[in-house]
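> when you get a sec, could you give me coordinates for this:
(one chain, ligands or ions: 1)
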Amino acid sequence: MRELRIVGLLSRVEGVAALDPLIDRIVGSVNAVVRPRAVRDVLHGVPIGHPLHPAVVLLPLGSWISASLLDLVPGTERSARLLVAAGLVGTLPASLTGFTDWAELHEQQKRVGLLHSAANVAASGLYLASFLRRTPGTGRGKLLALLGLAVVSGSAFVGGHLSFRQASGANHTEHVPHLFPEGWQRLVELDALVVDQPTHVEVSGQPLLVVRSGDGVEVLSDVCSHLSGPLSEGRLVGTGADACIECPWHESRFLLATGEVVHGPATAPQPRFDTRVVDGLVEVCLPGAG
Ligand code: FES
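Numbering: from 1, shown residues only. This next block holds a predicted model:
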């Protein structure tokens, strides 16, 4: 079966650099509005381990789909209007989470994300008009809701492209345990590592971040779980058990000792490797690999 033409059109949007000046202005506004890092982390979904946006969009989508179903049932006008209003309220958390994630994406993803946002704004406008026009005896409010549902469905299609074709929000290290060999693997001579200097080493084609501390060696996947940034080109932050590596691309921070996310936009932890030193040679083992 061949792909629909609309998918090709959407892929072309990824390359429309003319959108970038507008995108830069909106990103600046998002960063000015959502400033505290703890708030950004919650909006990204750091506490729940994956993006929050897909969960909160259920409120507007569920409410609006239900409203259109009730519009088919006589005597449920008040309930349908209430659902349209609930959906409009739900656009606030949906927008906050969506824009916060979007501001930390690659250019190609931001261009498609801009289309997704524009469609959502159009759909919200139609639902607001539907809410205001729901006067007894006319069908205009119901018609506007149907138009809004069509637009928001198109937006969901664009969101699917952004999430799955362009992998925004996906864990970019999920493949690591499937590709890394089972058991202990030779890494590097201990003496070749400089203390507190992030170092890139490859084992079986897999890039690893290696950091020698005063009393040990910490090893994480070098591919940032957010969007594949090279962690070994980032900077070390903190000391001891609190030492973190900060990604050079969007400043996600990961605890070296465990790989867990300390700050987003990443939401998935880094694969963390066990280490040991045998005759001056550092070896690594990824639990569950192979
Ligand atoms: S690639 Fe975005 S924070 Fe690392």
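
> contact partners for the closest residue to V223 other than its chain neighbours?
Leaving out its chain neighbours, the residue that sits closest to V223 by C-beta to C-beta, 6 or more residues apart in numbering is T173, at 5.6 Å. (Each C-beta comes from the backbone N, C-alpha and C, glycine too.) By C-beta atoms under 8 Å, 6 or more residues apart in numbering, T173 lies in contact with 221, 223-225, 268, 270-271.

> which of the residues you listed are close to the ligand?
C224 (C-beta under 6 Å from any ligand atom).

> how about a markdown table for the contacts of T173, with secondary structure and pLDDT added?
Shown next, in a markdown table, are the contacts of T173 (DSSP: H, G, I helix; E, B strand; the rest coil; pLDDT from 0 to 100):
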| residue | secondary structure | pLDDT |
| --- | --- | --- |
| S221 | strand | 98 |
| V223 | strand | 98 |
| C224 | coil | 98 |
| S225 | coil | 98 |
| A268 | coil | 98 |
| Q270 | coil | 98 |
| P271 | coil | 98 |
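
> which among the contacts of T173 gets closest to the ligand?
Closest to the ligand out of those is C224 (3.1 Å), distances taken as C-beta to the nearest ligand atom.

> next up, the contacts around the closest one.
The neighbours of C224, taking C-beta under 8 Å, 6+ apart as the test, are 172-173, 230-231, 247, 249, 252, 266, 270.

> which of the three states applies to P207?
strand (DSSP: H, G, I helix; E, B strand; the rest coil).

> so which bits of stretch 96-107 are buried?
Across stretch 96-107, burial judged by 16 or more other C-beta atoms under 10 Å covers 96-106.

> and if you look at stretch 21-39?
Across stretch 21-39, burial judged by 16+ other C-beta under 10 Å covers 23, 26-27, 30, 34.

> now for those: which two are most distant?
The span of the buried residues of stretch 21-39, defined through C-beta to C-beta, is set by I23 and V34 at 16.2 Å.

> in the stretch 51-200 of the chain, what residue is nearest the ligand?
Closest point on the stretch 51-200 of the chain to the ligand, by C-beta to the nearest ligand atom, is E104, at 6.2 Å.

> and that residue, helix, strand or coil?
Classification of E104 using three-state DSSP returns coil.

> thinking again about what came up before, Throw the contacts of T173 into CSV and include distance to V261, thanks.
Formatted as CSV, these follow (distance: C-beta to C-beta, whole Å):
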residue, distance to V261
S221, 13
V223, 14
C224, 10
S225, 8
A268, 7
Q270, 8
P271, 13
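
> what element comes up after the lowest-mean-pLDDT helix or strand in the chain heading to the C-terminus?
Lowest mean confidence among the helices and strands of the chain (mean pLDDT, DSSP states H and E): helix 5-13, at a mean of 91. As assigned by DSSP states H and E, the chain's next helix or strand after helix 5-13 is helix 20-33.

> contacts for that next one?
Residues outside helix 20-33 that contact it (C-beta under 8 Å, 6+ apart): 99-100, 102-103, 107, 110-111, 114.

> over to stretch 4-15?
Contacts for stretch 4-15 (C-beta under 8 Å, 6+ apart): 108-109, 111-112, 115, 157-158, 161, 165-166.

> pick out the most distant pair among those.
Maximum pairwise distance in these, criterion C-beta to C-beta, is 17.3 Å, between Q108 and F157.

> quick one: the helices in the stretch 51-200 of the chain?
Along the stretch 51-200 of the chain, the stretches classed as helices by DSSP state H, counting those that start in this stretch are 53-56, 58-70, 77-102, 107-132, 140-160, 176-179.

> near the ligand, which residues of the stretch 101-250 of the chain are found?
Contacts of the stretch 101-250 of the chain with the ligand, taken as C-beta under 6 Å from any ligand atom, map to 224, 226-229, 247, 249-250.

> one more time with 8 Å, if that's ok
Residues of the stretch 101-250 of the chain lying close to the ligand by C-beta under 8 Å from any ligand atom are 104, 172, 224-229, 231, 234, 247-250.

> and the furthest pair within these?
Between any two of those (C-beta to C-beta), the greatest distance is 15.8 Å, for E104 and L231.

> hmm, back to that, from the contacts of T173, list the buried ones, please.
Among the contacts of T173, those classed as buried by 16+ other C-beta under 10 Å are 221, 223-225, 268, 270-271.
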